[in-house]
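S.K.: My questions concern the predicted model and sequence given below.
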Amino acid sequence: MDDKDWPLQPFNEAVESSDLRREWEEWHRSFELILEMKRIECQHEKLVLLLARGGRGLQRIFYNLRPVAEEIYPEPVPVPLIPKETPEYDNAVLRLSKFFIGKRNVRIELELFRTLKQSESESFSQFLLRLRTQAARCEFQEREEIEILQQVTVGAFDERVRDKGLEGTFNLDAITNYAMNREMLLKQKEKAKTLKEEPAVVAAVKLERNARTAFRGKIRTRPFQSGPRPTGGECNRCGSYRHSNDDVRCPAKKARCNNCGKIGHFGRKCRGGYKRFGRRETWKQPKEEANVVTSEDDWNEELPRRPVPEDIQQVN
């Protein structure tokens with residue numbers, strides 16, 4: 001038979017011993033649904049399919065089990081009558097269920113149920129499903145709804161859901177509806193907050209990008225200067241961006257120009273033509289101009305000497 005006609009994996013006997021009962025119950029329930037869908041009613045055919053689809057692990061377990069007292073074996077009938085069919089499949093299910101049911105420790109399952117808590121990324125419906133699955137292993141019977149409600153009160157992630165459970169006015173169905181409505185409300189608020197913040201973030205990014213582009217444009221047209229820059233542009237005396245033309249702290253205010261020889265600006269900001277005054281190392285600064293630049297100005301540029309008549313005679 002094609003596997004596509006039987007969408008059921010073989011029985012997993014390698015699970016932990018405490019989970020063997022749950023594994024058998026879930027696998028057997030799926031197998032019964034497929035039998036009903038295929039309309040298979042023969043006991044012998046059911047048993048063959050059970051062992052064939054269950055795999056070697058289930059076969060090994062079944063053939064090493066002894067018959068149980070609940071198994072049914074019909075008595076022989078006289079020859080004219082048709083003998084009754086032996087319920088081979090039902091007996092095999094009884095034998096396997098008896099084996100797997102004895103593999104569960106109810107106290108351990110109860111301790112596991114008490115430790116269940118809802119994680120931050122888990123929805124309330126998923127948490128409730130975990131509680132119901134574990135509660136089925138604890139065999140609460142009539143107390144199952146009360147025990148699940150108590151664990152919701154202790155293990156729910158939302159504090160308001162826990163408070164509603166402590167009030168004692170909600171049953172399990174009411175607190176389930178309240179918790180799911182709270183989840184939907186919080187998700188809608190988070191989505192609205194995200195949509196509200198996106199335009200502001202985009203505007204901030206554009207503003208920062210424009211400011212950065214404008215700043216880079218200014219850097220390309222100006223020489224590099226450290227420190228804050230005034231809005232008035234560079235100084236026409238020394239070329240600095242740190243102060244304006246009228247600032248008394250300008251080092252070039254009392255300095256002599258290397259090009260035109262006038263006092264009040266540096267050579268790099270001179271607007272007159274270039275004049276050669278001879279060799280720089282032979283010039284000596286006049287005494288009356290020796291202290292024109294104070295120490296606080298922090299300017300050490302070397303000044304050229306003024307031309308004298310001897311230089312003109314040497315040229316001639």
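M.R.: Structure's in. What do you need?
S.K.: in the stretch 101-250 of the chain, which ranges drop under the pLDDT threshold?
M.R.: Low-confidence segments of the stretch 101-250 of the chain, defined by pLDDT under 70: 103-104, 196-206, 211-232.
S.K.: What are the boundaries of the helices in it?
M.R.: In the stretch 101-250 of the chain, the helices defined using DSSP state H, counting those that start in this stretch lie at 106-114, 124-138, 144-155, 159-167, 172-221.
S.K.: Compare those and give me the one nearest residue 13.
M.R.: With CB to CB as the measure, helix 124-138 is the member of the helices of the stretch 101-250 of the chain nearest residue 13 (18.1 Å). Every C-beta, even on glycine, is put in place using the N, C-alpha and C of the backbone.
S.K.: Which strands and helices lie in contact with that closest one?
M.R.: helix 20-38, helix 106-114, helix 144-155, helix 172-221 (3 or more CB pairs under 8 Å, 6 or more residues apart in numbering; DSSP states H and E).
S.K.: So which residues make contact with the shortest one?
M.R.: The one in question is helix 106-114. Residues outside helix 106-114 that contact it (CB atoms under 8 Å, 6 or more residues apart in numbering): 18, 131, 134, 135, 137, 138, 139, 147, 151.
S.K.: which residues touch residue 135?
M.R.: By CB under 8 Å, 6+ apart, the neighbours of residue 135 are 113, 144, 147, 148.
S.K.: 6 Å - rerun?
M.R.: 144, 148 (CB atoms under 6 Å, 6 or more residues apart in numbering).
S.K.: before we move on, what about residue 88?
M.R.: Residue 88 is in contact with 43, 44, 47, counting by CB under 6 Å, 6+ apart.
S.K.: Switch those over to TSV; also include secondary structure, neighbour count and pLDDT.
M.R.: Output for the contacts of residue 88, formatted as TSV (DSSP: H, G, I helix; E, B strand; the rest coil; neighbours: other CB atoms under 10 Å; pLDDT from 0 to 100):
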residue	secondary structure	neighbour count	pLDDT
43	helix	16	91
44	helix	12	91
47	helix	19	92
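S.K.: Kindly indicate which of those residues lies nearest residue 233.
M.R.: Out of those, the member with the shortest distance to residue 233 (by CB to CB) is residue 47, at 99.5 Å.
S.K.: contacting residues around the closest one?
M.R.: By CB under 6 Å, 6+ apart, the residues touching residue 47 are 88, 89, 92.
S.K.: Including secondary structure, could the residues you listed go into CSV?
M.R.: Formatted as CSV, the contacts of residue 47 follow (DSSP: H, G, I helix; E, B strand; the rest coil):
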residue, secondary structure
88, helix
89, helix
92, helix
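S.K.: Let me know the closest of these to residue 157.
M.R.: The closest of the contacts of residue 47, once distances to residue 157 are taken by CB to CB, is residue 92, at 44.2 Å.
S.K.: Next up, the contacts around the closest one.
M.R.: Counted by CB under 6 Å, 6+ apart, residue 92 has contacts residue 47.
S.K.: what do you get if the cut-off is 7 Å, keeping everything else the same?
M.R.: By CB atoms under 7 Å, 6 or more residues apart in numbering, residue 92 lies in contact with 47, 50, 62.
S.K.: burial measure for residue 159, as a count.
M.R.: For residue 159, the count of nearby residues is 8 (other CB atoms under 10 Å).
S.K.: again, but for residue 110
M.R.: 16.
S.K.: For residue 129, give its distance to residue 144.
M.R.: 14 Å (CB to CB, to the nearest Å).
S.K.: Looking at those two now, which is surrounded by more residues?
M.R.: residue 144 (16 against 11).
S.K.: ok, the closest residue to residue 268 other than its chain neighbours - how many residues close by?
M.R.: Counting by CB to CB, 6 or more residues apart in numbering, residue 239 is the residue found nearest to residue 268 once chain neighbours are left out, at 5.7 Å. Counted with other CB under 10 Å, residues neighbouring residue 239 total 14.
S.K.: Many thanks, I have nothing further to ask.
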